[in-house]
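Undergrad: got a sequence here, can you model it:
(chains A and B)
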Amino acid sequence: MPRREDIRSVLVIGSGPIVIGQAAEFDYSGTQACRVLKAEGLRVVLVNSNPATIMTDPEMADATYVEPITPGTVEKIIAKERPDALLPTLGGQTALNTAIALFESGVLERYGVELIGADVDAIQAGENRERFKEVVAKVAREQGLNAESARSVICHTMDEVLAGARELGYPVVVRPSFTMGGAGSGFAHTEDDLRRIAGAGLDASPTSEVLLEESILGWKEYELEVMRDRNDNVVIVCSIENLDPMGVHTGDSITVAPAMTLTDREYQNMRDVAIAVIREVGVDTGGCNIQFAVHPGTGRMIVIEMNPRVSRSSALASKATGFPIAKIAARLAVGYTLDEIPNDITRVTPASFEPTLDYVVVKVPRFAFEKFPGADGTLTTHMKSVGEAMAIGRNFTEALQKALRSLEQKGSSFSWAGAVGDKAEWLKRAAEPHDGRVRAVQRAMWAGATVQEAYEATRIDPWFLDQIAGLNEIAAEIRTAEDALTRDKILTAKRHGFSDAQIAELRGLSEDVVREVRHALGVRPVYLTVDTCAAEFEAKTPYLYSAYDEETEVPPGEKPKVIILGSGPNRIGQGVEFDYSCVHASFTLAEAGYETVMVNCNPETVSTDYDTSDRLYFEPLTLEDVLEVVHAEQRSGDVAGVIVQLGGQTPLGLSQKLKDAGVPIVGTSPESIHLAEERGAFGRVLHRAGLTAPKHGTATSYEEAREIAAEIGYPVLVRPSYVLGGRGMEIVYDDATLESYMTKATEASPEHPVLVDRFLDEAIEIDVDALYDGEELYLGGVMEHIEEAGIHSGDSACALPPITLGHDDLHRIREATEALAKGIGVRGLMNVQFALSAGVLYVLEANPRASRTVPFVSKATAVPLAKAAARVMMGATIGALRAEGLLPPSGDGGALPLDAPIAVKEAVLPFDRFRNAKGQGVDTVLGPEMRSTGEVMGIDEVFGTAYAKSQQAAYGSLPTAGRLFVSVANRDKRHMIFPVKRLADLGFEILATEGTAEVLRRNGVRAKIVRKHSDGPGEDGEPTIVRRVLDGEVDLIVNTPFGSPGQSGPRLDGYEIRTAAVLRGVPCVTTVQGLAAAVQGIEAVAGGQVGVRSLQEHAERLSGAHGVLGQG
Amino acid sequence: MTQPPAVLVLEDGRTFQGVAYGAEGETFGEMVFNTGMTGYQETLTDPSYARQIVAMTAPHIGNTGVNDEDPESSRIQVAGYVVREPARVASNWRATGSLGSALRAQGVVGIAITGTRALTRHLRDRGAMRAGIFSGDAAQAPVDELLKRVQESPQMAGAALAEEVATQEPYVVPAIGEKRFTVAAVDLGIKGMTPHRMAERGIEVHVLPATVTADDILALGPDGVFFSNGPGDPGTADHQVAALRGVLDAGRPFFGICFGNQIFGRALGLGTYKLRFGHRGVNQPVQDVRTGKVEISAHNHGFAVDAPKGGPFDTPYGRAEVSHVNLNDGCVEGLRLLDRPAFSVQYHPEAAAGPHDASGLFDQFVQIMEAGK
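TA: Sure thing, here's the model as predicted:
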């Protein structure tokens, strides 16, 4: 059946900001969908509040709305655009929930919009656990299949929860309905656990519904990715087996494709059940995944759940197999059947087949517990990882070891160094699921545990354990072999994924020496193709992975090639924004006549879509792996350059070593990068340019640090050198805290000292992204932070164009930026952070690379900065790019017209994901350490509306009436009077703690005093503020922190208030600047008429008025 | 646990060094590859693999060991086995032993090599060819000598093997539950799952030797006649073609699988030919030309029927049509008579190993027998 002719325009809903459980994979799937639908000649309307996505690039859709994904806003877009159809299955749970809300409220019917690719009834049958259980029971009964559901009880109140647990027995699993990434779920071993977990779960579920389930902890866990078309053709794209047995969220598990420990009978039963279930549920077209648990001793199989949409696993499955699920789902949604769609990779066979793999894929999660001190690192059914890495190998061990080193975390790879340790101790560590468990398993066996012992401790399948034991055997062989490193020994180790660094560690050599020996022995990887068919047909798409195998499949290149190094697994501080820049470089360099080669290991991203670049190497971004890719590419043609500037710190950190190895780095040279990153050198650059930095020094001990602090004065900002995302950064007000910081900074050394900077109180922080070609500067955008300096720029909201800076300030910023670019020797992008304090412009730092804000700036100003940067790196001048239209003919992002729209970027923080060991929330105060996982953009004509949109997109709507609670530090009291008064005038009832209330009353604001948490309830049971927040009596909270972290008293009071706010989902403003912005936002919303406008319309206005539109 | 060295020698001179897996010694056969990711035990015991050395494209083999339930015949049938990563432990609750020891116990010579993908690409580009595996002492001889012996080994084209692997004596697989039909199943290398799938549908299956005549078959008074899969070149199966013609002349409902499809084709006057490298795997898309529906199906065939695909064509038994085609290469995957109750498919609806999408074909067989009653 060909494409439906009755659909001419389609609305696609994206997934919004990157949060834990819903990340870049939806940019990948949404981008694929938009491209496919456009290629089909359909008008594509897109809504997504996340600017750091490829899908929101103006050329991906006909009308791109960077607007909050709420039913209200999407209704406005529907009213304006009048699409024929809505495709809700590619934007995660956010898109699906929004679409269901629009369906249920009758909006879709009113505007004649057809839901395609999903059917509301099917979605509900899939997501409503009770109905899903019936589906499973029915197919098992009617088709005689071996399938059942875990015994369970649905509960809506705590009483029902307690009764349910008595029936099932402990431990029980708690799963709230309709939440993402398993939010609010967990295992309850006791009634106390249960009250806590289920209480939060009832709150988290939009339908106040939780499910209690019999425990299937320790069972084997599997997942199938299924696609169905409207002709009822069904294919299984991929089977995935979790190395971690049941009990750990799939997103936090190490997973393996294809399934490794199923016989054909068991696999076919699983397949039959999956197909029967999706038919019964009624998923008409598209992809879905379905999860199973299998009892290791009996084979009893339980169907856990299904997702009737594209998911994180489908992105993984697409990358693992070469079968692009989202792309095909989009085609199916508009009427095609699987047999009508060609397999992209073979081009001669159809998509109606099941990929077969002659390799093994391993995905490992990446965590960020170090960002949330006190957060409990135990892995549960509640997803906590912030990113993932995938690797492909010709066997499991090769893939596993490649995946572990792809994490780029110290200690992420297996190690055999140090004392062997106590077997029992290691087994105990391995028994508890946590980040690094697989290494504890390996160490336990290294310390003498048998496969059986390791199995009893972990319930990891013995086959996997034996594979890991095999690695220990090889390690022992390498370490003790008398005949040193023979070709055979190295080859064996390499075939099982050992890195040069691991071999070096085992032999007590340096990595370079091992590499030289290996090369001298002619041991090098070959590159094989991900071809969907185990080589049965020829692959036309160079999607490659390394293996120490027989023959290489790298095709010869004809055009000069540019290798772009990606950014690796997402982590806090280095996320999808960097992938965005890499993808843009690839697109533009392909247009400029280069053959583009992408290297990355993050399966969630657009960069690892085989459609993005001419060649894709799915490889770890370590020096060894990158050198081998460069070598292979040099052998197959001319490598014009390697780009390290766009993928964040990961490739940047490799630049000098790559250059030393003779790799042609283009753009800013490694030496220039060093000038910006090394304190002393950077100081000299500043000095020559006549620029000022806050007073600073470097210290390797507390004594040194104290001396510096005494000289420059408290408060000081302390941090380790050479980091991204502000790791380990703190603002310190006194000697005692400084001493404790320096004691913790154990890695401080002369090579890596701690930086001690004067902290500028009450400064305006400014972020600048700029392009420099050696002659001319193009100011991409100047962003004014809403929070004052001291909040990490990644966590701070900001406005572009700046809302309070004058011409003179902008002029100074431009001159300073240019002087820095020149002094450092930038060729391409540079990000500078300034602070403006008492009229002095300070340079906080300069980074000669693409920054986190590049996509935001590009969207806000309609200029493709990353594309221009890639061209500049390859030698184009800004003048030439202006002439060819990639950059505006005149002017730049530092000189936007007065009527330019205002874009506000807001960070999204994952505090609701983490609990400490006692189950309490973690503090939500912002600081110099970056903790946000993603961002949204609000764009409108005036700041207030743009800010309101950003808040709505990030956290839900700002209240326009109700009860406001205020409690601020003394230093903030003067600044809060006016905004609070304004809110009182707007009709808010004001509650405040005593000190704050006094100040407000003296200024004529009627504020009611409430009890602090530390006061406890009053004599007549008057509740504390925390209780009132928990009881839902407060609509907006303003609480600025004071006191030192970890102390009792005011700081703890604030902590309790803020965590209560997170629990209840009450907006909580923690800075006075944020309060002022919130007031403007509330006024805008209260004034009504918040409209929607597409990026294309904004761009047209910009270009219409001033002729400064850049082109995509 | 180091294994003795072994070498795989292809008739065009390409060699792959590796280590012994299973029994040590030497073996010869037609070199083919199988792309299934599950079901190695079913594959190894499938009689259609007689005289073939099977290479698995899936790297890890033996992970779930072997058990007593999954074999498709009483023994391992392949002539030799090529894998990349043999499992060191068998992990499955049904496992009764390891694959390596099963291969050794049955004297099946195998080899573990790194380059299974290179081997597959080689076969894909150059076609199936003869090969030999030599391990232990046998691997000591110079490669030239080994190559010469491979080149002297018998070709698959022209090989009549069905009679070698089929049962010598008739036997009966009783219907499960109430008996509704009697089927005479001619064993050309039948897999255990095939009579089981029929028995599940109330069919009593009389499995007959490959040498039976039409008279022998009809003497049973069956409601339907079935010709199974099997090894070898269908061009050699003159005896079976004659037997099938007798069945068709008698107007008995007929169903054939794989080799049975090729014999049906020949009985209708069509030719057969050898595919370059064949279809061996469990992910092949086959389309029903009437409904347009696609089944993901299990395949194991090196030969195919040459039939006109445009629409009905005439045969000595009236009009016939190609009922199924393979969407990967357009190969004929099924035939059906339009005026008589007879059809066949080139692939494996009994699966084992493989998906169950095509199991409805057994119901179709039941329907034509019902109609004939």
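
Undergrad: show me where the stretch 1-150 of chain B has its helices.
TA: B:40-44, B:99-105, B:116-126, B:143-152 (DSSP state H, counting those that start in this stretch).

Undergrad: what's the closest of these to A:G780?
TA: Across the helices of the stretch 1-150 of chain B, A:G780 has its closest neighbour in helix B:116-126 (46.0 Å, CB to CB). For every residue, glycine as well, the C-beta is placed using N, CA and C.

Undergrad: with chain B as the reference, measure out to the spatially closest residue to A:T668 that is not a sequence neighbour.
TA: Setting aside the residues directly before and after it, A:T668 is nearest to A:P848 in space (CB to CB, 6 or more residues apart in numbering or on different chains), at 4.4 Å. Applying CB to the nearest CB, to the nearest Å, the value for A:P848 to chain B is 42 Å.

Undergrad: ok, A:P848 touching A:P670?
TA: No - here A:P848 lies out of contact with A:P670, judged by CB atoms under 8 Å, at a distance of 10.2 Å.

Undergrad: these two - which one has more neighbours?
TA: A:P848 (27 against 17; other CB atoms under 10 Å in any protein chain shown).

Undergrad: so what's that one up against?
TA: A:P848 sits next to A:Q645, A:T668, A:S672, A:I673, A:A676, A:I824, A:V826, A:G828, A:L829, A:M830 when contact means CB atoms under 8 Å, 6 or more residues apart in numbering or on different chains.

Undergrad: one more: A:E505?
TA: So A:E505 contacts A:S415, A:W416, A:A417 (CB under 8 Å, 6+ apart).

Undergrad: mind pulling up the pLDDT for the second one?
TA: You'll see A:W416 listed with a pLDDT of 96.

Undergrad: returning to that earlier point: of all the contacts of A:E505, which comes closest to chain B?
TA: Nearest to chain B out of the contacts of A:E505 is A:W416 (CB to the nearest CB; 19.9 Å).

Undergrad: the residue nearest to that closest one when sequence neighbours are not counted: what secondary structure?
TA: By the measure of CB to CB, 6+ apart, the closest residue to A:W416 outside its immediate chain neighbours is A:A475, 4.7 Å from it. Using DSSP: H, G, I helix; E, B strand; the rest coil, the structure places A:A475 in helix.

Undergrad: do A:T698 as well
TA: strand.

Undergrad: coming back round to it: now the contacts of A:P848 as JSON lines including secondary structure, pLDDT and neighbour count?
TA: As requested, those are exported to JSON lines (DSSP: H, G, I helix; E, B strand; the rest coil; pLDDT from 0 to 100; neighbours: other CB atoms under 10 Å in any protein chain shown):
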{"residue": "A:Q645", "secondary structure": "coil", "pLDDT": "94", "neighbour count": "31"}
{"residue": "A:T668", "secondary structure": "coil", "pLDDT": "94", "neighbour count": "27"}
{"residue": "A:S672", "secondary structure": "helix", "pLDDT": "94", "neighbour count": "21"}
{"residue": "A:I673", "secondary structure": "helix", "pLDDT": "91", "neighbour count": "25"}
{"residue": "A:A676", "secondary structure": "helix", "pLDDT": "91", "neighbour count": "23"}
{"residue": "A:I824", "secondary structure": "helix", "pLDDT": "96", "neighbour count": "27"}
{"residue": "A:V826", "secondary structure": "coil", "pLDDT": "96", "neighbour count": "32"}
{"residue": "A:G828", "secondary structure": "strand", "pLDDT": "96", "neighbour count": "27"}
{"residue": "A:L829", "secondary structure": "strand", "pLDDT": "97", "neighbour count": "30"}
{"residue": "A:M830", "secondary structure": "strand", "pLDDT": "96", "neighbour count": "28"}
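
Undergrad: how near is the residue nearest to A:W416 to A:I468?
TA: Separation of A:A475 from A:I468 (CB to CB, to the nearest Å): 11 Å.

Undergrad: how about A:L96?
TA: 38 Å.

Undergrad: where does the chain dip in pLDDT?
TA: No chain in the question, so chain A it is. Confidence mapping of chain A against pLDDT under 70 gives the ranges A:1, A:179-183, A:721-727, A:745-751, A:917-921, A:923-925, A:1042-1052, A:1104-1112.

Undergrad: actually it's chain B I care about, not the one you picked
TA: Along chain B, the parts satisfying pLDDT under 70 run over B:1.

Undergrad: figure out how far the longest strand anywhere in it is from the centre of its chain.
TA: When chain B is parsed with DSSP state E, its longest strand is strand B:271-288. How far strand B:271-288 lies from its chain's middle: 11 Å, per CA atoms, centre = their mean, to the nearest Å.

Undergrad: hmm, that strand touching chain A?
TA: Yes - Strand B:271-288 reaches chain A (CB under 8 Å from any CB of the partner chain) through B:G281, B:V282, B:N283, B:Q284, B:P285, B:Q287.

Undergrad: ok, now which ones touch the first one?
TA: With CB under 8 Å, 6+ apart as the criterion, the residues that contact B:G281 are A:T356, A:A534, A:E536, B:N34, B:T35, B:G36, B:A298, B:H299.

Undergrad: let's see 10 Å
TA: By CB atoms under 10 Å, 6 or more residues apart in numbering or on different chains, the contact set of B:G281 is A:353-354, A:356, A:533-534, A:536, B:33-37, B:39, B:43, B:57-58, B:297-300, B:353-354.

Undergrad: contact residues of the stretch 51-200 of chain B facing chain A?
TA: B:56-60, B:62-67, B:69-70, B:84-85, B:87-95, B:113-125, B:200 (CB under 10 Å from any CB of the partner chain).

Undergrad: thought the residue nearest to A:W416 was touching A:T397?
TA: No - using CB atoms under 10 Å, A:A475 is not in contact with A:T397, being 11.3 Å away.
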